[in-house]
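Q: Provided below for reference: sequence and predicted model.
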Amino acid sequence: MSGLFAESCLKRRKVEEGIREPGDVSGEDPFIASNYFDICMLMDYWGPQRLNHHTEATTALYGARECARILCREGVENAVRRHRLHGEAMREGIEAMGLVPYGDQAHRMNNVLGVLIPDGLDGDQVRGMLLSHFGIEIGSSFGPLKGRIWRIGTMGYNARTDCVLMTLASLEAVLTRLGMKLPAGAAVQAAMNFYDRSC
């Protein structure tokens, strides 16, 4: 770690009251409230004081490192382009199925698509069937949108053609099973047409 980086981090340093020793100095900038992201605590642990900061989530740190490694290998621009491609293919398929994306589509995120749950459907039942029959998990929502929309992700490892097509086909199968009248196969074909135009 560079000296400049360490100096910047130490401006946000805070030693908890229970382990503070005479001479411990807190930084002048706001301290980092989460132990998982507080590099100063890690610096104190690995430094001469060997100050026991917290029990870290080691697997989370390894996971963060692996995410950074994969992103560096792919390149940020390529990752953004990949998420845009697969997010748009998902949107095309959802609309072709007759479902309605939630929110202002001109300003939506590439990696998550909000979809209005059709009237008369139990959104949690659909999510449960997708998970139990196909191993696909889609999210519900929170607050005033709870029970009103699903959140379908096309992010990270799942921002791939096969994942988008399988999610669309599986969602169509579940909705059809629950009695919705859908244009058979239209979602997958719309996504495939989008891929043909875009690749």
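A: Nice, thanks for sending it over. Residues are numbered from 1 along each chain as shown.
Q: would you list every one of the strands in the chain?
A: Ranges of strands within the chain are 112-116, 149-153, based on DSSP state E.
Q: mind listing what's buried in the one helix or strand in the chain whose mean pLDDT sits lowest?
A: Lowest mean confidence among the helices and strands of the chain (mean pLDDT, DSSP states H and E): helix 39-46, at a mean of 76. Going by neighbour count (16 or more other Cβ atoms under 10 Å), the buried part of helix 39-46 is 39-44. C-beta: built from backbone N, CA, C; applies to glycine.
Q: Give the other helices and strands that that helix contacts.
A: Packing partners of helix 39-46 (3 or more Cβ pairs under 8 Å, 6 or more residues apart in numbering; DSSP states H and E): helix 3-10.
Q: quick one: average pLDDT of the helix it packs on?
A: The average pLDDT within helix 3-10 is 86.
Q: List the buried residues for it?
A: 9-10.
Q: so how far is that helix from its chain's centroid?
A: Its chain's C-alpha centre and that of helix 3-10 lie 30 Å apart, by Cα atoms, centre = their mean, to the nearest Å.
Q: And the contacts of that helix?
A: Contact with helix 3-10 is made by 27, 39-40, 43, as judged by Cβ atoms under 8 Å, 6 or more residues apart in numbering.
Q: got CSV for these, with distance to residue 121 too?
A: Output for these, formatted as CSV (distance: Cβ to Cβ, whole Å):
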residue, distance to residue 121
27, 52
39, 46
40, 49
43, 51
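Q: Okay then, goodbye and thanks.
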